[in-house]
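Asker: 3D, please:
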Amino acid sequence: MKFTDQFIASVQDANDVLDIVSERVQMKKKGTNYWGNCPFHNEKTPSFSVNPAKRIFKCFGCGKGGSVFNFIMEYENVSFYDAVKILAEKAHIELPKNEREQSENFSAEDSLYEVNRWAAKIFFENLKLDDGKPTRDYLEKRGITNESIVKFGVGYAHSGWDDLKSSAYRDQVRTELLEQLGLIIRGENGSTYDRFRDRVMFPIQDPVGRVIGFGGRVMTPTVDFAKYMNSPESIIYNKSRVLYGLFQAKEDIRKRDEVILVEGYLDVISLHQHGIKNVVATSGTALTPDQIKLVKRYTQKNFIFLYDGDNAGLKAMERSIELLFDEGLFPQIVMLPDGQDPDSYVQKLGSEAFLDYLTRYRKSFIEFIIEYSSIKGEGDNVQNRQQVIGRLIELISRFPDPVGREIMVQEVSRTTKVAQSIVSDALGKKLRNNRFIDQKRENKEKVGFEVVDIANITEKVEIRKVTIPEIDILKLISNHGKQITEFISYYVLPHYFQNLLAQTIFKKAIELSKEKEFWEFSELISLFEKAENEKDLLERISFEKYTISPKWKELGYDYESFDTIEKWTKDAIVQITLQFINSEIQGIQTILKFEQSEEITTIYVKRNQDLIKEKLRVLSNTFFSDQN
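Answerer: Residues are numbered from 1 along each chain as shown. Now for the predicted structure:
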């Protein structure tokens, strides 16, 4: 997909990067920038920063950074095209007419999203027809309102074998796309037929609202049909990376800083109807690491499991606790009475009583493990208690934060009435054993030839070797744009830069200044979308990590005053020129040590003398006046 530069600029102008980030991350102002914990990796000390003036963000921990579009792309896991759409919609900016049809870059993924959107509309419209009445009656009996049907796009798949296929033929939807999405199935004889037949249909959406798959519950259960059926995985649908209802729930999860995890589609819809909207479903699958990372975009504190009390649900919760601990998260568990699920129980109790139940019956994972053991019939004898405590210690040892581990040790001691010192000693032994196993594994992996990514090492060294004059010049041109760039380029040539990344940025700034009467930092950095190292360097120098040279602060110059900028610019020009001259002199002196040809030696001696004269001129008070 391709929008015009003017349209992209208008969308960016309408969406302040600090506002967009602050909706998702708690930010605090320090100096000219804002800082918070990075939403893209675990950290205790904030290393994630937003520079409102330059309209960029940067994490100095994981390295992610860029414009407001880059933030949405990373946070919502979407393409640049979709990030522009999301922000345009937020700013109430209308998309260009027929831009989809006019685009030459309409991707395979976009086509699949469109087909799923079309299918969801077909299923939704089917529900209104005469043969959709039994499904409407079923939903009404389950207490699902028309408002919820619209909100979640609930629909109906006809009972015929080719109803959807016929609709596709009518609407000129390509059969191969239906087949890729699993909406139709190709039989052994080569003919195709609808996958979903006589089923109430639940569209499955990604966090930005695109339909990526479907879940269907059969209306007339028989031995020949599975009660529930989901779309097969495709290039846009991976069930381990999706949570049903997240699109509808994400804002409430952020507001409450809490997520409730349930199992079924109707559990989510029914709780939403009763005002409990921070709820998502794993759709019958065990919680996966990718799903946890997905939810962590919206809350990093409170995970509440609200599952049925059957054995399958209990085992799923125990497995999920391990994964949450690996991510440094404390889960809580609410067990429902026998025979109840979230849908039936909220309808039985009503909103207020159900919320009260959630509050009163929340259990820590420690209480859950102990109670689960008794449910499994393991009893309360010494051996079984020892096994339960061993299981708790095993789980606690997975938790990355030592403070969190200490808190849990205290709770285990208090709950099991085992001395805290004994629990702590057992945990220490387990941690030492874990480290020993990890060390053995690491040593085993080191056996053989070590493969080193030379390119990656070189790139990191390049960033490290940027000199102070080079940093100052890049800081100046990114702060002040064309006017400063033209002034500096009058005195400084690109080859004065020792660092190749900095040299490339300087060249691009000069080119941009020749092309445009005026440009901003966002335009400069946009030139490096596919050059990660240059982009990373530019982002880093734009934050307080790289500031005005210390000696100017010592002299008491105000950062933004005209005098400071002029003096800083001239000083940077002098310093980078001296850097180049000194490097050249050093190179000539090295050559002269080994050069045997008298003719060549004479040439280099003359060049060395010229450089010394140039160095004296640069250091004189007349350097800038001589150039004018």
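
Asker: So in the chain, which helix runs the longest?
Answerer: helix 562-594 (DSSP state H).

Asker: which parts of the helix or strand that that one is followed by are buried?
Answerer: Downstream of helix 562-594, the first helix or strand assigned by DSSP states H and E is helix 598-619. For helix 598-619, the neighbour count (16 or more other Cβ atoms under 10 Å) marks 604, 608, 611, 614-615, 618 as buried. C-beta here means a position set from N, CA and C on the backbone, and glycine is covered the same way.

Asker: helices or strands next to helix 598-619 in the packing?
Answerer: helix 562-594 (3 or more Cβ pairs under 8 Å, 6 or more residues apart in numbering; DSSP states H and E).

Asker: The helix it packs on - what's its average pLDDT?
Answerer: Averaging pLDDT along helix 562-594 gives 83.

Asker: orientation of that helix relative to helix 598-619 in degrees?
Answerer: 160 degrees (axes from the mean of the first three to the mean of the last three Cα atoms, to 10 degrees).

Asker: Tell me the gap between helix 562-594 and the middle of its chain.
Answerer: 42 Å (Cα atoms, centre = their mean, to the nearest Å).

Asker: Could you check that helix and say which residues are buried?
Answerer: Neighbour-count burial for helix 562-594 flags 564-565, 568-569, 572-581, 584-585, 588 (criterion: 16+ other Cβ under 10 Å).

Asker: what's the answer for stretch 524-538, then?
Answerer: By 16+ other Cβ under 10 Å, the buried positions in stretch 524-538 come out as 524-528, 533-538.

Asker: Pull the residues that contact that stretch.
Answerer: 56, 63, 65-67, 459, 462-463, 466, 474, 477-478, 501-502, 504-505, 508-509, 512, 539 (Cβ atoms under 8 Å, 6 or more residues apart in numbering).

Asker: repeat for stretch 201-209
Answerer: Contacts of stretch 201-209 (Cβ under 8 Å, 6+ apart): 76-78, 82, 86, 116, 120, 123, 152-157, 211-217, 230-231, 237, 242, 244, 246-247, 250, 265, 283, 294, 297.

Asker: what do you get for stretch 155-163?
Answerer: 120, 122-127, 131-132, 135, 164, 192-194, 196-201, 203, 216.

Asker: same check, this time on stretch 302-311
Answerer: Under the criterion Cβ under 8 Å, 6+ apart, residues 256-263, 267, 279, 295, 313-314, 316-317, 320, 324, 329-338, 340-342, 358, 362 lie in contact with stretch 302-311.

Asker: ditto for stretch 350-359
Answerer: 260, 274-276, 304, 306, 334, 345-346, 349.

Asker: so where's the stretch 301-450 of the chain shaky on pLDDT?
Answerer: Across the stretch 301-450 of the chain, the ranges flagged by pLDDT under 70 are 309-316, 374-381, 435-450.

Asker: Would you map the helices across it?
Answerer: Using DSSP state H, counting those that start in this stretch, the helices of the stretch 301-450 of the chain run over 311-326, 342-349, 351-360, 365-375, 382-396, 402-416, 420-446.

Asker: Now mean neighbour count too, for these, in a markdown table please.
Answerer: Formatted as a markdown table, these follow (neighbours: other Cβ atoms under 10 Å):
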| stretch | mean neighbour count |
| --- | --- |
| helix 311-326 | 17 |
| helix 342-349 | 20 |
| helix 351-360 | 13 |
| helix 365-375 | 18 |
| helix 382-396 | 16 |
| helix 402-416 | 16 |
| helix 420-446 | 12 |
